[in-house]
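*Asks:* Just need the structure, nothing else, for what follows:
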Amino acid sequence: MKRPILIFILSVTFVSLLAQPSKTPAKTPVKQPAKTTMAKAAVVKPALKSLNDSASYSIGLAIAGSYKREGITSLNTTLISKGCSDILEDKPALLDEFSANETLNKFMMQTQQNKTKPVAATPKPAAKPAVAKGPLKTLRDSASYAIGVRYGNFYKQYGVTKLNAGLITNACNDVLGNKPAQLNESNINKVLNDFIFGIQLQKSQATIEAGNVFLAENKKRAGVTTTASGLQYEVVTEGSGIKPTAADSVTCHYRGTFINGAEFDASYNHGGPITFALGGVIRGWTEGLQLMTAGSKYKLFIPYDLAYGAFDRPGIPGGSALIFEVELLDVKKHQ
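*Replies:* Below is the predicted model of the structure:
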């Protein structure tokens, strides 16, 4: 049975994902993160003059750091930057994504084999690896470019179109050369999250503004109540059962629509009501259902920051204000 998208909320911490950038972040049944407050990126040296510069340098640190932990201490860092830039800027790539993955896997296997095999008394000349055209003259070159392609594809899915290639190179060189970095680990995490959040916020701005206009008009309707958080609700049917707390589990039927009335999900399409922990869903639901008694049916009008935030979700554009008709069928109390 298809799982309703309501419960499963994406939580992205970019630095933790960088070690495996080719993977798509999984949906996880966790609470929607609190709204991010944008802040100026922490910069240490004049070379990092903008958030894009700081993010580019942070990405280079993360790239080189992840491969250094695998025992790789020598890469063509200029080609890492080129691979990343070619993908982000839609330039012709020297390796396609499949070839990049194959090359990188071969390089990693060779690195591991070299770490474990005994040193021969008379080493035989290594066979020349197959390489691509242009500047990719060795397997190391091809693998370096492949790393850039992999990370370029990873960041492109979050809306990144331009990075400072020189600073990616500098950061990789700092890590691989054991030089002092311009940003520490805590700064990297903050810079990357602020950078990606800012891109998504800008991308979602029109959707956010449309939702704000709708909610501003909707709050004027008779029967609509607005809470301190900005959540709006309308009582359709008032029940007589108990109210849940955030620590309880609830059983509900629901239908979710966008502000234009288009339905994006409904429990009625999944074969029956759903049961879930109330503290593990979007904040608009956690707050709204605590206003209800078992047997009630409410309409919840949820601002984007109490729903899925500025980031796109499967079937839900980033910045969307959402409307839910919710029937609270049962409450299971937890101690």
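*Asks:* Could you chop the protein up by domain?
*Replies:* 14-203, 205-332 (automatic domain parsing).
*Asks:* Could you look up the SS state of the residue nearest to Gly295 when sequence neighbours are not counted?
*Replies:* Excluding its sequence neighbours, the residue lying closest to Gly295 (C-beta to C-beta, 6 or more residues apart in numbering) is Gly239, at 2.5 Å. (Glycine included, C-beta is placed from N, CA and C.) For Gly239, the assignment made with DSSP: H, G, I helix; E, B strand; the rest coil gives coil.
*Asks:* cool, and Lys49?
*Replies:* Quick answer, by three-state DSSP: Lys49 is coil.
*Asks:* Distance-wise, check it relative to Gln202.
*Replies:* 20 Å (C-beta to C-beta, to the nearest Å).
*Asks:* where's Thr245, which helix or strand?
*Replies:* Using DSSP states H and E, Thr245 sits within no helix or strand.
*Asks:* circling back: can you list the domains of the chain in JSON lines and add mean pLDDT?
*Replies:* Converted to JSON lines, the domains of the chain look like this (pLDDT from 0 to 100):
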{"stretch": "domain 14-203", "mean pLDDT": "79"}
{"stretch": "domain 205-332", "mean pLDDT": "96"}
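*Asks:* Arrange those domains in a markdown table, one row each, with mean neighbour count as further columns.
*Replies:* Output for those, formatted as a markdown table (neighbours: other C-beta atoms under 10 Å):
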| stretch | mean neighbour count |
| --- | --- |
| domain 14-203 | 17 |
| domain 205-332 | 17 |
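*Asks:* picking up where we left off before, check contacts around the residue nearest to Gly295.
*Replies:* Met292, Thr293, Ala294, Gly295, Ser296, Lys297, Leu328 (C-beta atoms under 8 Å, 6 or more residues apart in numbering).
*Asks:* Excluding chain neighbours, what is closest to Ser85?
*Replies:* That would be Ala165: by C-beta to C-beta, 6+ apart, it lies 4.7 Å from Ser85.
*Asks:* Check Thr207 too.
*Replies:* Nearest to Thr207 is Gly319, by C-beta to C-beta, 6+ apart, at 3.8 Å.
*Asks:* Quickly note the distance from the one you found to Ile259.
*Replies:* Gly319 is 11 Å from Ile259, by C-beta to C-beta.
*Asks:* Also Gly166?
*Replies:* 44 Å.
*Asks:* Over to Gly159?
*Replies:* Taking C-beta to C-beta, one finds Gly159 at 23 Å from Ile259.
*Asks:* And for Ser66?
*Replies:* 41 Å.
*Asks:* again with Thr286
*Replies:* 21 Å.
*Asks:* ditto for Gly315
*Replies:* Gly315 is 15 Å from Ile259, by C-beta to C-beta.
*Asks:* do Arg283 as well
*Replies:* For Arg283, the distance to Ile259 - C-beta to C-beta - is 18 Å.
*Asks:* cool, and Val281?
*Replies:* 20 Å.
*Asks:* again, but for Leu289
*Replies:* 21 Å.
*Asks:* do His270 as well
*Replies:* For His270, the distance to Ile259 - C-beta to C-beta - is 23 Å.
*Asks:* again with Trp285
*Replies:* Applying C-beta to C-beta to Trp285 and Ile259 gives a distance of 17 Å.
*Asks:* now do Ile199
*Replies:* The separation that Ile199 has from Ile259, given C-beta to C-beta, amounts to 24 Å.
*Asks:* same question, Leu329
*Replies:* 26 Å.
*Asks:* cool, Asn105 as well?
*Replies:* 46 Å.
*Asks:* same thing with Lys220?
*Replies:* 15 Å.
*Asks:* Ile199 falls within a strand, correct?
*Replies:* No: going by three-state DSSP, the assignment for Ile199 is helix, not a strand.
*Asks:* got the contact list for it?
*Replies:* Taking C-beta under 8 Å, 6+ apart as the test, what Ile199 contacts is Tyr158, Gly159, Val160.
*Asks:* Need the phi and psi values for Ala228.
*Replies:* Main-chain torsions, Ala228, degrees, to the nearest 10: phi -60, psi -30.
*Asks:* The strand or helix carrying Val250 pairs with which strands, and in what direction?
*Replies:* Taking DSSP H and E as the criterion, Val250 maps to strand 249-258. The pairing partners recorded for strand 249-258 under DSSP bridges are strand 263-266 (antiparallel), strand 274-277 (antiparallel), strand 322-332 (antiparallel).
*Asks:* could I get those as a markdown table with distance to Pro135?
*Replies:* Below are the strands paired with strand 249-258 laid out as a markdown table (distance: least, C-beta to C-beta, whole Å):
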| stretch | distance to Pro135 |
| --- | --- |
| strand 263-266 | 47 |
| strand 274-277 | 53 |
| strand 322-332 | 49 |
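*Asks:* wait, which of the ones you listed is closest to Asp53?
*Replies:* strand 322-332 (36.1 Å; C-beta to C-beta).
*Asks:* Extract the CA atoms of the closest one and return them as PDB.
*Replies:* Only the C-alpha atoms of strand 322-332 are listed here, as PDB (Å, rounded to 0.1, in the frame of the first residue of the first chain):
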ATOM      1  CA  LEU A 322      -1.600  23.500   2.000                       C
ATOM      2  CA  ILE A 323      -5.200  22.700   2.900                       C
ATOM      3  CA  PHE A 324      -6.200  19.500   4.800                       C
ATOM      4  CA  GLU A 325      -9.600  18.200   5.600                       C
ATOM      5  CA  VAL A 326      -8.900  16.000   8.600                       C
ATOM      6  CA  GLU A 327     -11.200  13.500  10.500                       C
ATOM      7  CA  LEU A 328      -9.800  12.500  13.900                       C
ATOM      8  CA  LEU A 329     -11.200   9.000  14.300                       C
ATOM      9  CA  ASP A 330      -9.300   7.800  17.400                       C
ATOM     10  CA  VAL A 331      -6.600   8.800  19.900                       C
ATOM     11  CA  LYS A 332      -4.200   6.400  21.500                       C
END
